[in-house]
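show me the folded form of this:
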Amino acid sequence: MMHSSRRKPVLYFKEENRSRVFFGILSRKCSIFKLFCVCVVIGFASLLWLQLSCSGEVPRRGVEDGTLPRQPCPPERQASATDDPSWGPHKLALLIPFRERFEELMVFVPYMHSFLNKLKVRHKIFVINQVDHYRFNRASLINAGFLESGNDTDYIAMHDVDLLPLNEDLDYGFPDQGPFHIASPELHPLYHYKTYVGGILLLTKQHYQMCNGMSNRFWGWGREDDEFYRRLKAAGLQLFRPTGITTGYKTFRHLHDPAWRKRDQKRVASQKQEQFKVDSEGGLSKLRYSVDSKRELTISGAPCTLINILLDCDLNETPWCLLS
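Numbers count the residues shown, from 1 in each chain. Coordinates of the predicted model:
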């Protein structure tokens, strides 16, 4: 009897241990299930936030005021065609004067490729990258891009890499009547004077040749657009701008961060006096450069041509191409 009475506590403890194990396993399963549910919710919320933020539904500090670049949405809706003949007989050469602004470029190329596809504009994007040791020369790079753009394009866009169009009513079509200034003073977020022709300007190749391109004398930032406005007038070309655009200064997104990306605004030697003069002889005909290399690239599914350019400078003509 004594032996039998000792068995009952042993059996009781075994059953109690089994209960604890069973409920422990059940508790772990519940915890794992809860953790799985939490992960699913977090993942869904993250995807929803990404979709809203890249589409512009969620305001982001530093993006709305133009101080930081907004990342493009995933290109699932991006059209694959870049040269569809059914879109028309004309093809745009998008010329991007460039140096060391890769953050903007990573946003710009896929965005503009998708934007122009939506407008059914046949196009080719050229990144004209200055790789020499001279100061940045936007005008000379555009001249070089014009000469390197090939015979399969018949009009150009002089396009800043930090300016993205937001309104699909903007016309990037062939400007047969005359130069078409898309980033007009009424729409550009920063520059509002009447003679401004920078940012985004469309020209047929014939019209650009009539102007002998842009002046090569402008090293550093600024003034080359003002000189080109005078060339347009001297060539007898009428300047056209968008009409019926109601988005005002919110028509474009400006990616430039002035605190982080300092512009070269220095005026060296006689540059202060020369910057306001008309260069009646210089331009395409006097451009001196060489192509260091040329590569076909794809950025987030968007194709572009990278042309590394070495500009040449006559120190007797423009000693301000170097900073002492």
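
now do the helices in the stretch 101-250 of the chain.
102-118, 138-148, 205-210, 224-234 (DSSP state H, counting those that start in this stretch).

in TSV: the ones you listed, plus mean neighbour count, mean pLDDT and distance to residue 279.
No exception for glycine: its C-beta is placed from N, CA and C like everyone else's. TSV is the format used below for these (neighbours: other Cβ atoms under 10 Å; pLDDT from 0 to 100; distance: least, Cβ to Cβ, whole Å):
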stretch	mean neighbour count	mean pLDDT	distance to residue 279
helix 102-118	21	95	28
helix 138-148	24	97	9
helix 205-210	17	98	15
helix 224-234	19	93	6
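
residue 316: which of those helices is closest?
Of all the helices of the stretch 101-250 of the chain, helix 138-148 sits nearest to residue 316, with 17.0 Å by Cβ to Cβ.

quick one: contacts of that closest one?
The contact list for helix 138-148 (Cβ atoms under 8 Å, 6 or more residues apart in numbering) reads 93, 95-98, 126, 128, 130, 156, 158, 205, 208, 213-216, 218, 221, 224, 228, 283-284, 287, 289, 291, 294, 307, 309, 311.

residues contacting the residue lying closest to residue 195 once chain neighbours are set aside?
Spatial nearest neighbour of residue 195, excluding adjacent residues (Cβ to Cβ, 6 or more residues apart in numbering): residue 229 at 4.9 Å. Residue 229 makes contacts with 195-197, 239, as judged by Cβ under 8 Å, 6+ apart.

ranking by neighbours, what's the top pick from those residues?
Neighbour tally across the contacts of residue 229 (other Cβ atoms under 10 Å): the maximum, 22 neighbours, falls on residue 197.

so how far is residue 317 from that residue?
25 Å (Cβ to Cβ, to the nearest Å).

thinking again about what came up before, looking at the contacts of residue 229, spot the one nearest residue 184.
Nearest to residue 184 among the contacts of residue 229 is residue 196, at 7.9 Å by Cβ to Cβ.

who's the closest spatial neighbour of that closest one, skipping the chain neighbours?
residue 185 (5.0 Å).

try residue 123
Residue 123's closest residue in space is residue 92 (Cβ to Cβ, 6+ apart), at 4.3 Å.

surely that neighbour touches residue 159?
No. Under the criterion of Cβ atoms under 8 Å, residue 92 is not in contact with residue 159, lying 9.7 Å apart.

those two - which one has more neighbours?
residue 159 (27 against 23).

who does the more buried one bridge with?
Residue 159 has these beta-bridge partners by DSSP bridges: residue 200.

what of residue 305?
residue 126, residue 296.

for it, what are its contacts?
Contacts for residue 305 (Cβ under 8 Å, 6+ apart) come out as 124-127, 294-297.

now the buried members of the residues you listed.
124-127 (16 or more other Cβ atoms under 10 Å).

want to throw the residues you listed into a markdown table with pLDDT and distance to residue 176?
Formatted as a markdown table, these follow (pLDDT from 0 to 100; distance: Cβ to Cβ, whole Å):
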| residue | pLDDT | distance to residue 176 |
| --- | --- | --- |
| 124 | 97 | 19 |
| 125 | 98 | 22 |
| 126 | 98 | 22 |
| 127 | 97 | 27 |
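
if anything else comes up later, I'll come back, but that's it for now.
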